[in-house]
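Undergrad: My questions are about this predicted structure, shown below with the sequence.
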Amino acid sequence: MVLSKGKLYHIRASCRVPSVLNVNKSFVTSSPVNSSETEQVEDKTGGAVITYRPPVFLLALATFVLLWLSSPPLELAPLAWLAPAPLSCLVFPKSLSASSRVLTKVYCVAMLFWLATFYFLPYPHPVLIIGWFALSAYLAVYTPLFVVCARTMTHRMGVSPLISIPLAWTGLEWVRVNFLTGFGMVCLSHSQYAYPVLIQVSDLFGAYAVTFALTAFAAGVAKVCFLWRASRVGDSATKTNWPMRQIAIAIVWSLVALGLTSGYGVIKLNQSNDRENQTSGSDGPPTTRIALIQSSLDTILVAPKEQDPQQKHLDDFKHRMEISHRARLADEDIDLMVWPESAFPTPDYLAKDAGDSIAAEYETAIRSYWDKGINDVGRFERLPLIAGTTTYDAANESVYNAAILIDDSGTVSSRYFKNHRVMIGEYTPILEYFPAVMKMFPFLRSLTAGEESCVMDSGGVAIAPNVCFETTVPHYLSQQLNCLAAGGQEPDVMLNITNDGWFFGSTCLDLHFACNVFRAVEMQKPMLVCANTGFSAHIASDGRVIKKGPRRATGYLICDVQKANAPSVSVYRRWGSWIPFVMGWVSVVVLIVARCKSD
C-alpha cells in the first residue's frame with residue numbers, strides 16, 4: 001500500500017522476489033474499498049500495476065460544468081471542445097466496472113445539468129414542474145448509456161477509444177433527437193452556433209458532424225490526460241514512463257478533428273462569399289423585401305381572473321398593429337409582412353360544405369383585422385401577410401396550429417398546418433384520448449398534427465413556413481424540403497414563426513435560436529425567424545446572422561431575400577442523415593450486446 005498526496009493506491013508488484021527472502025513469488029495487494037470503481041494503470045516496463053480509485057462524481061461534474069459554461073447564458077463556446085474529456089476518462093481504464101453505483105453517480109450529475117439548463121420550463125405554469133423533472137430525468141439517461149456504450153466498444157470489441165467516444169456520443173445524440181417525438185435542443189454542437197467557420201460541416205451530415213468533431217477532439221485530450229495521470233500515480237519506483245507514441249497519436253487526432261472542421265468551414269465560407277458577390281447588384285435575381293414583426297407579449301398559460309379576455313385580445317392586436325405601422329412608415333418598399341405564431345387575432349375556418357354560413361363570418365373578420373392591422377384601412381398600400389393563427393376544420397372536426405398567407409385582397413390563399421406538435425403545449429400523451437380528463441385541465445390543448453408541407457409565394461420568392469419548435473428537429477425540416485422539391489416546389493427560403501413568450505426572455509430563446517442557425521446550414525437555405533419576445537432574425541444559408549432582433553422587446557427587421565437561381569441541395573438533405581443513422585443504431589446494438597453480456 002502506498003499513500004501519496006493524500007490518496008490511497010494499491011500496488012501489485014510482479015517483479016521477481018529475491019530468493020534470499022525465502023518467500024513465494026506472488027502478487028502483493030490489498031483489496032480496494034470499492035472494486036467496482038477502481039482502475040489499473042500498468043507500467044509495462046517495470047511490471048507494476050497500480051490500482052487507482054477514479055473520482056467518478058468529480059469527472060462527471062467537470063464535464064457538465066464545462067457544458068453549462070459553454071451554453072447560454074455565458075456561451076463560452078471553446079470550453080465545449082474540452083467538456084466531454086473528463087467524462088471520457090471513465091472509458092479508458094479496463095478494470096473500471098460500469099456498476100450501478102458508478103452509473104448512478106453519472107446519472108445524478110447529468111440530471112442536475114438538465115434541471116439547470118431547462119430551469120425555464122415551469123415558467124408558464126407551476127404544474128409544469130412535473131414535466132421539468134420528467135424531461136430532465138429522461139435526458140439524463142443518455143449519459144450513463146454513453147459510458148456503457150463507449151466502454152463496451154473499447155474493451156469488448158477492441159475499438160480505439162479515440163473512435164468509440166465520438167461514435168457513442170454522436171450516436172446516442174441521434175437517438176435522442178429521433179426517439180419518440182424527438183428532442184433536438186441542447187445538442188453538444190449547438191454550443192458553436194455563433195462561429196460559422198466551425199459549423200459548416202453540418203451540411204454534410206447535420207449538426208451531428210459538429211458533435212462528432214467536438215467529441216473526437218475531447219477524446220484525444222482525455223487520452224493525453226489519462227496517460228499523464230498514469231505517469232504520476234504511485235511513488236518514483238512505480239511511475240510509468242510517458243508513452244510518447246500514444247500521446248502523439250492522441251494529439252494529432254485532436255488537431256485533425258479541429259483542423260478538418262475549421263478548414264472545411266473556411267472553404268465553404270469563401271464559396272458563399274463568391275456566390276453572394278455574383279448575385280449582388282441590379283443584374284441579380286429578383287428580391288423580395290420582407291418585414292418581420294417582433295412583438296413582446298409574455299404568454300400566461302392561465303390568465304388572472306381579473307383579466308378581461310376580450311380587452312387582452314384587443315390590446316395584443318393593437319400592440320402588433322403599432323409595430324407594423326412603424327415598419328410601414330420606415331420603409332415604403334416592403335413586399336410582405338410576417339407576424340409570429342398565434343399572433344393573428346381571429347381564427348381561420350375551413351367550411352364543412354358550400355352552404356356553411358359561418359365561413360363567411362370568419363372571412364369577413366380576417367379581412368377586417370388584416371386591413372386595419374397591416375394597411376391601416378387605406379393609409380398604406382395593401383400588403384400580403386403571413387401570420388400564425390388557429391385553423392378550425394369543420395369537415396374533419398380538427399383544430400390546427402397554422403401559418404396562413406393572406407394575399408393583398410385580404411383572402412387566405414395558403415395554409416400550413418404544424419406537423420410536429422409540442423408535448424403538453426399542443427397535445428398530452430394518453431390523456432388526449434380521454435376528453436373528460438382533459439376538461440379537468442383547461443390549459444391543456446389537443447391540436448391535430450398536419451401532414452403536408454407547403455410553399456407560400458411572395459414576389460416570386462418561394463417561402464417554406466414552419467412553426468415554433470419544428471426547427472429543433474432537423475429530420476422533419478429535411479423531409480419537408482425534400483417532399484417540396486420532389487413536387488417541383490423547391491423553396492428559396494425557410495420561415496419559422498414562433499411564440500417564445502412562454503419563457504419570459506430566458507435562455508430558451510438562445511437555445512431555439514441556435515437550432516435555427518444550424519437548420520440554415522444543414523439545408524443550405526436562408527432562414528427567417530419571426531418570434532414573439534425574440535429572437536427574430538435573418539440567417540444566411542451559411543449560418544451567418546445578418547440581422548437579429550432584441551430579447552423580450554419589440555422591434556421589426558427588414559430583410560431582403562433573393563430568389564435562388566440554382567437552388568443547392570446539401571449533402572445532408574440528399575443522404576447525409578444515413579451517417580448519424582448508422583452511428584445511432586451501432587450505439588443501440590452495442591448497448592444491447594452490453595446488456596446481454598452482463599446477464
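TA: That came in fine, so what should we check first? Numbering: from 1, shown residues only.
Undergrad: make it CA atoms for all contacts and neighbour counts henceforth
TA: Noted.
Undergrad: Could you pull out the buried residues of the longest helix seen in the chain?
TA: For the chain, the longest helix by residue count, based on DSSP state H, is helix 244-279. Residues 247, 250-251, 253-254, 256-258, 261-263, 265-266, 268-269, 279 are the ones in helix 244-279 that count as buried (16 or more other CA atoms under 10 Å).
Undergrad: roughly how far out does that helix sit from the chain middle?
TA: 22 Å (CA atoms, centre = their mean, to the nearest Å).
Undergrad: What is it packed up against?
TA: helix 196-199, helix 207-232 (3 or more CA pairs under 8 Å, 6 or more residues apart in numbering; DSSP states H and E).
Undergrad: quick one, that helix and helix 207-232 angle?
TA: With axes from the mean of the first three to the mean of the last three CA atoms, to 10 degrees defining the directions, helix 244-279 sits at 160 degrees from helix 207-232.
Undergrad: Averaged pLDDT, helix 244-279. What do you get?
TA: Averaged across helix 244-279, pLDDT comes to 91.
Undergrad: how much distance is there from the helix or strand following it to the middle of the chain?
TA: Counting by DSSP states H and E, the next helix or strand C-terminal to helix 244-279 is strand 287-294. Relative to its parent chain, strand 287-294 has a centroid offset of 26 Å by CA atoms, centre = their mean.
Undergrad: Repeat that for stretch 550-564.
TA: 22 Å.
Undergrad: Touching that stretch from outside, list them.
TA: Defining contact as CA atoms under 8 Å, 6 or more residues apart in numbering, one finds that stretch 550-564 is touched by 285-296, 323-324, 327, 334, 460-462, 492-493, 504-505, 509, 532-538, 547-549.
Undergrad: which of the residues you listed are buried?
TA: Neighbour counting by 16+ other CA under 10 Å classes 286-296, 323-324, 327, 334, 461-462, 492-493, 504-505, 509, 532-538, 548-549 among the contacts of stretch 550-564 as buried.
Undergrad: Output the below-cut-off pLDDT ranges for the stretch 1-150 of the chain.
TA: Within the stretch 1-150 of the chain, the segments meeting pLDDT under 70 span 1-53.
Undergrad: quick one, helices of it?
TA: Ranges of helices in the stretch 1-150 of the chain, per DSSP state H, counting those that start in this stretch, are 56-70, 84-88, 100-117, 129-140, 142-155.
Undergrad: Please, which helix or strand holds the residue nearest in space to the middle of the chain?
TA: Nearest to the geometric centre of the chain sits M185, at 2.9 Å (CA atoms, centre = their mean). Using DSSP H and E, M185 sits in no helix or strand.
Undergrad: For it, give its distance to L198.
TA: 18 Å (CA to CA, to the nearest Å).
Undergrad: Then W585?
TA: Taken as CA to CA, the span from W585 to L198 is 26 Å.
Undergrad: Which residues does stretch 174-182 contact?
TA: Contacts of stretch 174-182 with the rest of the structure, by CA under 8 Å, 6+ apart, involve 139, 142, 183-184, 208, 420, 473, 580-581, 583-584.
Undergrad: same thing with stretch 340-352?
TA: Where contact means CA under 8 Å, 6+ apart, the residues beyond stretch 340-352 that reach it are 293-295, 313, 317, 358-359, 362-363, 365-366, 369, 387-395, 401-403, 467-468, 497-499, 530-532.
Undergrad: and that stretch, how far from the chain's centre?
TA: Its chain's C-alpha centre and that of stretch 340-352 lie 29 Å apart, by CA atoms, centre = their mean.
Undergrad: Can you add neighbour count and give the contacts of stretch 174-182 back as CSV?
TA: Output for the contacts of stretch 174-182, formatted as CSV (neighbours: other CA atoms under 10 Å):
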residue, neighbour count
L139, 18
Y142, 18
F183, 19
G184, 22
Y208, 25
H420, 21
V473, 20
P580, 23
F581, 17
M583, 22
G584, 23
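Undergrad: Just give me the closest of those residues to P86.
TA: Y142 (16.3 Å; CA to CA).
Undergrad: residues touching the closest one, list them.
TA: Y142 touches 172, 176, counting by CA under 8 Å, 6+ apart.
Undergrad: Check the one 4 residues further on too.
TA: Contact analysis of F146 by CA under 8 Å, 6+ apart lists 168-169, 172.
Undergrad: Report the separation between it and S189.
TA: For F146, the distance to S189 - CA to CA - is 16 Å.
Undergrad: Repeat that for F226.
TA: Distance, F226 to S189, using CA to CA: 25 Å.
Undergrad: G259 too?
TA: Look at G259 and S189: by CA to CA, they are 16 Å apart.
Undergrad: and the two most separated of the contacts of stretch 174-182?
TA: Greatest spatial distance among the contacts of stretch 174-182 (CA to CA): H420 and M583, at 24.3 Å.
Undergrad: For W81, give me its contacts.
TA: Residues in contact with W81 (CA under 8 Å, 6+ apart) are 214-215, 217-218.
Undergrad: quick one: it from L258, how far?
TA: Taking CA to CA, one finds W81 at 9 Å from L258.
Undergrad: anything in contact with each of the two?
TA: Joint contacts of W81 and L258 (CA under 8 Å, 6+ apart) are 214, 217.
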